[in-house]
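**Q** model this:
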Amino acid sequence: MDSNRTQLLAWAGILALGLLVDIQCRHPGDVRRSGRDMAPPWTLTLAAPIDHLDVVAREPMIVEHPDGTLFVGGFGAPRMGQQQTNKPTLWKSRDGGTTWIRVNVGTEEDGAAGNSDVDLAVSSDGTLYFVNLLFDEGKWEGRQVNVGVSKDVGATWKWASLSKTRFDDRPWVKVAPDGTAHVIWNDGAGVCYAVSQDGGLTWTERDRIHPQGGSSHLAVGPNGEVAVRVTPYSASGHKYDEGADLIAVSTDGGKTWRKHAAPGYREWSPEDKPSVLPRWVEPLAWDSRGALYSFWTNLKGIWLARSADKGATWTTWHLAESHDMAFYPYLMARSAGQLAATWFSVLAEMPRAHVARIDVGEGEAPPRMAESQSFEPEIWWPGRSPDDPPYRGTAGEYLASIFLRKNGLAVVSTIQNQRDNRFGFSLLKVEERRGEEAKKGLVKDESVGQELMRLENEWAEAWVKSDVALSGRIMADDFMWTSPWGKVFSKAENLALIRSGEDVITSWVIDDLKVRVYGDAAVVTGRCAVKETYKGQDVSGQERWTHTWIKIAGRWQCVAGHSSEIAQE
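**A** Coordinates of the predicted model:
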């Protein structure tokens, strides 16, 4: 159950940044191998977001119908002062996400009741499943899990109540290749489980998968394998079961389960104690060859593990260090070894969302990961008191992604901007370039080169958004910038210029990036086109620039820069 608890955990985690320690804990059976040494032969670029403004859509989930229709479900409208209703909110798009319409899922009298956690799934025959949690905000506890089923692309719905138990929480739904629908949830007394083998007409609740813990995630494999991630938190945070940190796998359609310890190390703590790292969803995914993947973060960075024997043993890779705190991971899989991952990071109370593609080959060779430029979700919370300014948040515990049928990748992010009265969601498509098209210049160390390219793009975005915190992080303390007319600016002077509002940049597009790496030093050259006004005067134009980067305390920072104007034809 997402809540302001999410924000409190996140900010508590921020305070823990000063307590970073070199955690050497190793889980039995882990084989830790670096994923950073293998440079991907492709790059990712986020397209401009497609915003749909309506009511709040917290923690949106997305699926694609076999006919190409996209569906997005979210929650939160009753909690944000809009029309008071417990009716679930669902949208669909028939033009690839360009335009959206609200779907009429029925009335509360029909059983369509839900105002919290959602999930979506679709079977190969087009049957659509929409599971919802009904939450009592006054008591701060879940009280019902309902699932809707549509066989006509969302035109009509049949609803069923799977549970009406105090502390019902975090339902998930997935469909196996044979059409069996699987739903899990928790209620503070273990992980509950129900199935439908007739296209959602009837549901059967089976024995609990585990007598403790929460329903952190659910994944279904290509041969009907079912994997469930069980974690210590349950009952919307009211219950914490120490040691409930496992993966349960069934190979007989959910009749029996084998349980294995989760790979890797995670920092857990009860909700009444300061949290080291915000946690809730711990994602799993099966690829088309039947390999099972676990994706997580900890204080040492971002991790991926693969099991070829249904969770019994794992090969683990440290994909990347995270100099900012990384949390709330999410994972999707498509064909053999093709994964999409998302997560959040935060620095100085400024959350950013990350999207990556990961390719995992055969054997134990490290995966190849390409990350797009990060972005700030449009989420503004009101100040904690009337005198406090609004602040950024994640408004959820994951960033949902989808592999589109036409070989694309997309993510969906909530819009919850009370400051500007904007509510709804954004669809962001990811452009993937491979081969020669992806090469922006000479990169002797491609993994470092990709990281520096990402930082250059983030820095340009920071100038457009007047993001003082991010700009300050990228510039070293002794940073010096030489302008085209010979004036030298220090880091403090650059940050003061951003704060002043005198320099307004509405667009900063960079290209022709070339990176040369010399150990812990690097030189990046590039070209940019900038739309800019300074003290009201238009100073837009194109420039060539050179940046010098040094790796300081394990983090790349820019120490010097120089730009030259490109004469207009």
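
**Q** could you use CA atoms for every contact and neighbour count after this?
**A** Fine.

**Q** before we move on, which element is L497 in?
**A** Using DSSP states H and E, L497 falls within helix 491-500.

**Q** list the buried residues in the very next helix or strand once past that helix.
**A** Of the helices and strands lying after helix 491-500 in sequence (DSSP H and E), the nearest is strand 503-518. The neighbour-count check on strand 503-518 (16 or more other CA atoms under 10 Å) flags 503-505, 507-508, 510, 513-517 as buried.

**Q** which residues in the stretch 401-550 of the chain form strands?
**A** 408-417, 422-434, 475-482, 488-490, 503-518, 521-534, 537-538, 541-552 (DSSP state E, counting those that start in this stretch).

**Q** so where's the stretch 451-569 of the chain uncertain?
**A** 553-554, 568-569 (pLDDT under 70).

**Q** ok, back up a step: hey, which of the strands of the stretch 401-550 of the chain is tucked in deepest?
**A** Highest mean neighbour count of the strands of the stretch 401-550 of the chain: strand 408-417, a mean of 23 (counted as mean count of other CA atoms under 10 Å).

**Q** tell me how this structure divides into domains.
**A** 4-18+35-438, 446-565 (automatic domain parsing).

**Q** just name the most buried of those domains.
**A** Mean neighbours per residue, mean count of other CA under 10 Å, is largest over the domains of the chain for domain 4-18+35-438, with a mean of 20.

**Q** wait, D245 touches T231, no?
**A** Yes - counting by CA atoms under 8 Å, D245 does reach T231; the two are 4.6 Å apart.

**Q** who touches both of those two?
**A** Shared contacts of D245 and T231, defined by CA atoms under 8 Å, 6 or more residues apart in numbering, comprise G213.

**Q** how close does T548 get to S471?
**A** Distance, T548 to S471, using CA to CA, to the nearest Å: 15 Å.

**Q** what do you get for E502?
**A** Distance from E502 to S471, by CA to CA: 17 Å.

**Q** assess the claim that L120 and Y129 are in contact.
**A** Yes - counting by CA under 8 Å, L120 touches Y129, with 5.6 Å between them.

**Q** need the residues touching each of the two.
**A** V173.

**Q** which parts of the stretch 201-350 of the chain are helices?
**A** Taking DSSP state H, counting those that start in this stretch, the stretch 201-350 of the chain contains no helices at all.

**Q** for it, what spans make up the strands?
**A** 204-210, 214-220, 226-231, 233-234, 239-240, 246-250, 258-261, 284-286, 292-298, 301-307, 315-320, 325-333, 338-347, 350-359.

**Q** export these to a markdown table and tack on mean pLDDT?
**A** What follows is those, written out as a markdown table (pLDDT from 0 to 100):
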| stretch | mean pLDDT |
| --- | --- |
| strand 204-210 | 98 |
| strand 214-220 | 98 |
| strand 226-231 | 98 |
| strand 233-234 | 95 |
| strand 239-240 | 94 |
| strand 246-250 | 98 |
| strand 258-261 | 98 |
| strand 284-286 | 98 |
| strand 292-298 | 97 |
| strand 301-307 | 96 |
| strand 315-320 | 94 |
| strand 325-333 | 95 |
| strand 338-347 | 92 |
| strand 350-359 | 90 |
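
**Q** among those strands, which comes closest to L46?
**A** L46 sits nearest to strand 350-359 of all those, at 8.7 Å, using CA to CA.

**Q** coming back round to it: okay if I get the strands of the stretch 401-550 of the chain as JSON lines plus distance to W42?
**A** Listed next are the strands of the stretch 401-550 of the chain as JSON lines, based on distance: least, CA to CA, whole Å:
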{"stretch": "strand 408-417", "distance to W42": "14"}
{"stretch": "strand 422-434", "distance to W42": "4"}
{"stretch": "strand 475-482", "distance to W42": "27"}
{"stretch": "strand 488-490", "distance to W42": "35"}
{"stretch": "strand 503-518", "distance to W42": "15"}
{"stretch": "strand 521-534", "distance to W42": "19"}
{"stretch": "strand 537-538", "distance to W42": "37"}
{"stretch": "strand 541-552", "distance to W42": "23"}
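
**Q** I'd like to know which of these is closest to K87.
**A** When these are compared by CA to CA, strand 422-434 sits nearest K87, at 15.8 Å.

**Q** what are the pairing partners of the closest one, and which direction each?
**A** Sheet partners assigned to strand 422-434 using DSSP bridges are listed as strand 42-46 (antiparallel), strand 50-53 (antiparallel), strand 408-417 (antiparallel).

**Q** next, the angle from it to strand 350-359.
**A** 40 degrees (axes from the mean of the first three to the mean of the last three CA atoms, to 10 degrees).
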